[in-house]
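K.L.:
Need a 3D model of the following:
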Amino acid sequence: MAFDNERVVITGLGVVAPNAIGVNDFAQALYQGRSGISAIALMQERGFRCQVGGKVVIDEKYILSKINKSLLDRMSEAMLYSLLASIECYQDAGYAFDPLNPTTSLSSTSPNWEMGAIIGNTNNGMEYLFNTVVPSFEKKEIKRMGIAAIEKTMTSGVSAKVAGILGLGNKVSTNSSACSTGTDAIIDGFFHIKSGRATAMLCGGAEGGAPYQWSGFDAMRLINSKFNDAPTKSSRPFSESSNTFIPGEGAGIVMLESLASAKKRQAKIYAEILSGVSNCGAQREGGSMTAPNSNAIVRAIKEALAQANISSEKIDYINGHLTGTFGDTLEMANWQKALGLSFADFPYINGTKALIGHALSAAGAIETVATIVQMQRGFIHPAINSEDLYPELASLRTKIPLTTLETKIEYAIKASFGFGDVNAILLLKNWRKDV
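P.N.:
Here you go, the predicted model:
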């Protein structure tokens, strides 16, 4: 494992999203422009201004086809989403797994020392804290909580549970960098393999606890309350009629693997990671806890292109951060400056948050899965709800498809920008069998 410049490819995908469970259904949802935003009764009952969001709905039969029922009582929503997406990803990458008796899937009782996981999260177990921990504390019934109070609320539970079920013996950790978390996790895994420290890594992000997790954003008036009567129209990247976002949840997981290992296993390969850049604007030069330092974003994009030795003209598609806030126009100005292209010469661009909302720490990971699905299947999903572009984006209209566009995508960028003035850029190349 002494490779300092190992090529890293993606050999598996898994997703739990508000508009679909599983990669195949997710691909159809993207192609159809199917929104997963819905009315949330609990938000209305608790007096939220915004009463819609991207809430995951999973059929119990699907859960029990993937997970032994005995595991459910010891997991938060985020842990469940992470495990479901990880199992799908693991199996998609060609690894055997028996959901009813996981230990029989392992080649031995020893851990797989060459495979690990980096799965991000922000506030694991919020729903359990609100519904169980706090009431038990107030009633002085601490002893009744048991070990579940720890398992369901430790942030690293989203990766630790996956490692325990799948027997992962390499680095297993949970990162947290606000809205950049999921993309950051993939970048961290990329460099972990590239430097020879692992052969394969399950990487991504998981977010649950809705709508408890969203209450602070509603208090700050950061989520959109204008479309409570039309949920599927509420998440509006690029749109002049929206300056706040719609929250979401879910999980996205990708299997990163050394090219040598993937070829040895004769695994299918979706894409190659050419570069990954994470940085921070340090809350200077106009940046703050909630606003970006544009210079840092431009720097990250340029560094990603330089590391990959790719010119901006070769980029076919960008999956932007694009939350549906006033920040969208600034984001596009930063892209234009970094790429050095006029809007007329711009790559195609959309924001998957239009379909699923902003899944916070899971956003970048789910949207990376969306990017790879579009690359592999040759389409760009419709940028729903973006009919009324900001005036300064008018010349970008032809690059923001309102309907599904079938097209070849060779090079794509996934970008995430988060509170704390943090940024993450991932540059991907579609895999061809003749490479």
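
K.L.:
For the stretch 201-350 of the chain, which segments count as strands?
P.N.:
Assigned by DSSP state E, counting those that start in this stretch, the strands in the stretch 201-350 of the chain fall at 250-258, 271-280, 317-319, 348-350.

K.L.:
Mind checking these for the one nearest to residue 63?
P.N.:
Between residue 63 and those, the shortest gap by Cβ to Cβ is with strand 250-258, which sits at 13.1 Å. All C-beta spots, glycine's among them, are computed from the backbone N, C-alpha and C.

K.L.:
tell me the mean pLDDT over the closest one?
P.N.:
In this model, strand 250-258 has an average pLDDT of 98.

K.L.:
now do stretch 348-366
P.N.:
Average pLDDT, stretch 348-366: 98.

K.L.:
Now do it: distance to the chain's middle.
P.N.:
Put simply, stretch 348-366 sits 7 Å off its chain's centre (Cα atoms, centre = their mean, to the nearest Å).

K.L.:
looking at the strands of the stretch 201-350 of the chain, which is closest to residue 235?
P.N.:
strand 348-350 (12.1 Å).

K.L.:
Tell me the strands beside that closest one, with direction?
P.N.:
Partner strands and pairing direction for strand 348-350 (DSSP bridges) are strand 317-319 (parallel).

K.L.:
still on that earlier bit, could you identify which of the strands of the stretch 201-350 of the chain is most buried?
P.N.:
For these, the stretch with the most neighbours on average is strand 250-258, a mean of 32; neighbours defined as mean count of other Cβ atoms under 10 Å.

K.L.:
contacting residues for the residue lying closest to residue 121 once chain neighbours are set aside?
P.N.:
Nearest non-adjacent residue to residue 121, counting by Cβ to Cβ, 6 or more residues apart in numbering: residue 158, 4.6 Å away. By Cβ atoms under 8 Å, 6 or more residues apart in numbering, the residues touching residue 158 are 78-79, 82, 119-121, 124, 174, 206, 251.

K.L.:
State the distance from residue 158 to residue 208.
P.N.:
As defined by Cβ to Cβ, to the nearest Å, residue 158 lies at a distance of 9 Å from residue 208.

K.L.:
overlap in contacts of these two?
P.N.:
Counting by Cβ under 8 Å, 6+ apart, the residues touching both residue 158 and residue 208 are 78-79, 124.

K.L.:
Of the residues you listed, which is the most crowded?
P.N.:
Within the shared contacts of residue 158 and residue 208, neighbour counts (other Cβ atoms under 10 Å) peak at residue 78, which reaches 33 neighbours.

K.L.:
contacting residues around the nearest residue to residue 296 once chain neighbours are set aside?
P.N.:
Across the structure, with Cβ to Cβ, 6+ apart as the measure, the residue nearest residue 296 apart from its sequence neighbours is residue 281 (3.4 Å). With contacts taken as Cβ under 8 Å, 6+ apart, residue 281 has the following neighbours: 287, 292-297, 421-423.

K.L.:
Which single one of those is nearest to residue 149?
P.N.:
Minimum separation from residue 149 among the contacts of residue 281 (Cβ to Cβ) is found for residue 422, which lies at 30.2 Å.

K.L.:
was I right about that closest one contacting residue 278?
P.N.:
Yes. If you go by Cβ atoms under 8 Å, residue 422 and residue 278 touch, sitting 7.2 Å apart.

K.L.:
Show me the common contact partners of those two, please.
P.N.:
Taking Cβ under 8 Å, 6+ apart as the contact rule, residue 422 and residue 278 both touch 177, 180, 184.

K.L.:
residue contacts, the second one?
P.N.:
It stands for residue 180. 278, 364, 416-418, 422-424.

K.L.:
One more pass at 6 Å, please.
P.N.:
Contacts of residue 180 were listed using Cβ atoms under 6 Å, 6 or more residues apart in numbering, and they are 416, 418, 422, 424.

K.L.:
Is it correct that the second one is in contact with residue 181?
P.N.:
If I follow you right, that is residue 418. No. In this structure, residue 418 is not within contact of residue 181 by Cβ atoms under 6 Å, at 7.1 Å.

K.L.:
Please say which of the two ends up with more neighbours.
P.N.:
A side-by-side neighbour count of residue 418 and residue 181, using other Cβ under 10 Å, places residue 181 first with 30 against 26.

K.L.:
And that one, how far from residue 205?
P.N.:
To residue 205, residue 181 is 5 Å away according to Cβ to Cβ.

K.L.:
Give me the most central residue, this structure.
P.N.:
With distances taken as Cα atoms, centre = their mean, residue 365 lies nearest the centre of the chain, 2.2 Å away.

K.L.:
Make sure that residue is indeed in a strand.
P.N.:
No. Residue 365: not assigned to a strand; according to DSSP: H, G, I helix; E, B strand; the rest coil it is helix.

K.L.:
so what's it up against?
P.N.:
By Cβ under 6 Å, 6+ apart, residue 365 lies in contact with 182, 204-205, 252.

K.L.:
In helices, which of these fall?
P.N.:
Restricting those to those inside helices, with DSSP state H as the criterion, leaves residue 182.

K.L.:
circling back to that earlier point, which of the contacts of residue 158 lies closest to residue 111?
P.N.:
Nearest to residue 111, judged by Cβ to Cβ, of the contacts of residue 158 is residue 119 at 16.8 Å.

K.L.:
That closest one reaches residue 159, doesn't it?
P.N.:
Yes. In this structure, residue 119 sits in contact with residue 159. The criterion is Cβ under 6 Å, and the distance is 4.1 Å.

K.L.:
Those two: which is more packed in?
P.N.:
Comparing residue 119 with residue 159 by other Cβ under 10 Å, the one with more neighbours is residue 119, at 38 against 29.

K.L.:
Which of the helices or strands spans the more buried one?
P.N.:
Using DSSP states H and E, residue 119 maps to strand 115-120.

K.L.:
avg pLDDT for that strand?
P.N.:
98.

K.L.:
need the next SSE after it, C-terminal direction.
P.N.:
Using DSSP H and E, the helix or strand that follows strand 115-120 in sequence is helix 126-128.
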